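Visitor: sequence and predicted structure are below.
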Amino acid sequence: MPVPQRLSDYAIGIFEKIPSRKGIKKAIKKGLIYIDHRVGNTGDWIRGGEEIVLYQDQSKYKTLIYDIEVLYEDDQMAAVYKPAEMLVNGNHHFTLERALPHNLTQSERVDAFDHPLPVHRLDFETAGIVLVAKTRLAFAHLQGQFNNKTIKKKYLAICCGLMDKDGIMSLPIEDKKAVTRFELMDTIDSDKYGRLSLAAFYPITGRTHQIRVHTASIGCPILGDKLYANLESPAYHKCHMLLAQSISCTDTYGRAISISIRPPKRMIRFFPILTLFD
């Protein structure tokens, strides 16, 4: 059994963003460090096995006045639609995270964040559903589901070339296991882009750019993917044809939630079958 340590001593060096003792003490004082889902104090003893989480300091955030579609909301969490060509978060003003206070109701719970936090990310060019936590309990609850792989996500993509009817792609990404299941939904012949495949993707793991890497690895890159497709290939298109179309999880009360969205017109234009998602 490890020797117990005070939180103010144990936390030094475990968070990349706060390497110093002074920074750790400031974070504890601001209530940004939690132990097992409760606010940590300087004198708390860490004995091993505790979950220690550092939350962002939101005091310097400026709200972005920008309307986004709210798909689901309760007093602890929400699901919103992130448009394409918008960052989820980061050191920019035009991000989904900065737009959340303008679109969501502030939680009145004691563990509420000053501003809601996205629980996961989508690529800049990828549109779709993002889960949001309004309280620390909801953040830990949703993160736990992601870590335990109990959250189910479905993506839709238009890919160049003819894909198999269904299958599993398992090319490792950065030497880590990466697995994506897919189902072919329809194919068309485009005068400009050649054969195109509409497919549904179900990521079993959650690696960066997983679906984009996997589709490119089998010679069927996503239409509009400028990173993983040759710019001179038929895959070059101004719009990125990947959508995070549905997600299933449980809320903090244990209730099952399933959310789906209608594909955008830019995808329906290629595959009218997508109108069936209305």
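Guide: Structure received.
Visitor: could I get the pLDDT score of Arg195?
Guide: Arg195 carries a pLDDT value of 94.
Visitor: ok, now Leu231?
Guide: pLDDT, Leu231: 52.
Visitor: which residues touch the closest residue in space to Ile173 that isn't next to it in sequence?
Guide: Computed as CB to CB, 6 or more residues apart in numbering, the closest residue to Ile173 that is not its neighbour in sequence is Arg207, at 4.2 Å. In short, each C-beta sits where N, CA and C put it, glycine included. Arg207 makes contact with 173-174, 176, 178, 213 under the criterion CB atoms under 8 Å, 6 or more residues apart in numbering.
Visitor: check pLDDT for those and point me to the minimum.
Guide: Among the contacts of Arg207, Glu174 has the lowest pLDDT, at 89.
Visitor: identify the residues contacting the helix or strand harbouring Leu196?
Guide: Using DSSP states H and E, Leu196 sits within strand 194-203. For strand 194-203, contacts defined as CB under 8 Å, 6+ apart pick out 152-163, 179-190, 210-211, 220, 223, 234, 245, 270-271, 273-274.
Visitor: in ChimeraX, how would I select just the buried ones from those?
Guide: Typed into ChimeraX, the line below selects the buried ones among the contacts of strand 194-203, using 16 or more other CB atoms under 10 Å:
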select :153,154,155,156,157,158,159,160,161,163,179,180,182,184,185,210,211,220,223,234,245,270,271,274
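Visitor: so which of the contacts of strand 194-203 belong to strands?
Guide: In this view, the contacts of strand 194-203 that belong to strands under DSSP state E are 152-160, 180-190, 245.
Visitor: on that earlier part again, the strand holding Leu196 pairs with which strands, parallel or anti?
Guide: Sheet pairing here is set by DSSP bridges, and for strand 194-203 it gives strand 152-160 (antiparallel), strand 180-190 (antiparallel).
Visitor: Arg98 is nearest to which of the ones you listed?
Guide: strand 152-160 (23.9 Å; CB to CB).
Visitor: done for today, thanks.
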